[in-house]
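**Student:** need a structure here:
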Amino acid sequence: MFPKKISHPFLDADDPEKISYVEEIKIILTNDIKEAKKQLTFMEPILNNLKGSRDKYLAHNDKEYFYGKVDPSWDFPISFNDVNTLITIAGDFSNKMLTYLTNRSIIYQS
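**Tutor:** Numbering: from 1, shown residues only. Reported below is the predicted structural model:
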């Protein structure tokens, strides 16, 4: 499904109709998947806290959390930076795959 290489155009910031340059990208999907797995390992503590908060407070309403005896952020701390990291890593990987398949990227903001 994925090509072996692509020619990826970069548009001029001042004139979006003009191509500034074209980059030849060699696609080695196995390397991209290995890198994604490394990033998942890095994100594991953040994901565990997110899942813990979901499981104990948001989805199942455990009494100790739901009735305010314990703040879920004490046991499952998640910062705005953590959320930004998750969005950036997922967005970058998704954009890379989209570029490989369609030769287009999406600008996203969080």
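**Student:** ok, residue 87 to residue 29 distance?
**Tutor:** 23 Å (CB to CB, to the nearest Å). To be clear about C-beta, it is placed using only N, CA and C from the backbone, and glycine gets the same treatment.
**Student:** longest helix anywhere in the chain?
**Tutor:** In terms of residue count, the longest helix belonging to the chain (DSSP state H) is helix 29-53.
**Student:** So which elements touch it?
**Tutor:** helix 72-75, helix 80-102 (3 or more CB pairs under 8 Å, 6 or more residues apart in numbering; DSSP states H and E).
**Student:** mean confidence score for the first one?
**Tutor:** Confidence over helix 72-75, taken as the mean pLDDT, stands at 68.
**Student:** helix, strand or coil for residue 10?
**Tutor:** Three-state call for residue 10 (DSSP: H, G, I helix; E, B strand; the rest coil): strand.
**Student:** Next, the angle helix 80-102 makes with the longest helix of the chain.
**Tutor:** 150 degrees (axes from the mean of the first three to the mean of the last three CA atoms, to 10 degrees).
**Student:** quick one: helix 29-53 to chain centroid distance?
**Tutor:** Distance of helix 29-53 from the chain centroid (CA atoms, centre = their mean, to the nearest Å) equals 9 Å.
**Student:** Buried ones in that helix, by neighbour count?
**Tutor:** 36, 39, 43, 46, 49, 50, 52, 53 (16 or more other CB atoms under 10 Å).
**Student:** Find the least confident helix or strand in this protein, judged by mean pLDDT.
**Tutor:** Least confident helix or strand, the chain: helix 63-66 with a mean of 65, by mean pLDDT, DSSP states H and E.
**Student:** Only alpha carbons, please: show stretch 87-105 as CSV.
**Tutor:** As requested, C-alpha coordinates have been extracted for stretch 87-105 and formatted as CSV (Å, rounded to 0.1, in the frame of the first residue of the first chain):
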residue,chain,number,x,y,z
ILE,A,87,-1.4,15.1,20.7
THR,A,88,1.9,16.0,19.1
ILE,A,89,3.3,12.5,18.9
ALA,A,90,0.0,11.1,17.5
GLY,A,91,-0.4,14.0,15.1
ASP,A,92,3.1,13.7,13.8
PHE,A,93,2.8,10.0,13.2
SER,A,94,-0.6,10.3,11.6
ASN,A,95,0.7,13.1,9.3
LYS,A,96,3.7,11.0,8.3
MET,A,97,1.5,8.1,7.3
LEU,A,98,-0.9,10.5,5.5
THR,A,99,2.0,12.1,3.6
TYR,A,100,3.2,8.6,2.5
LEU,A,101,-0.2,7.7,1.3
THR,A,102,-1.5,10.9,-0.2
ASN,A,103,1.5,13.2,-0.4
ARG,A,104,-0.3,15.8,1.8
SER,A,105,0.0,16.9,5.4
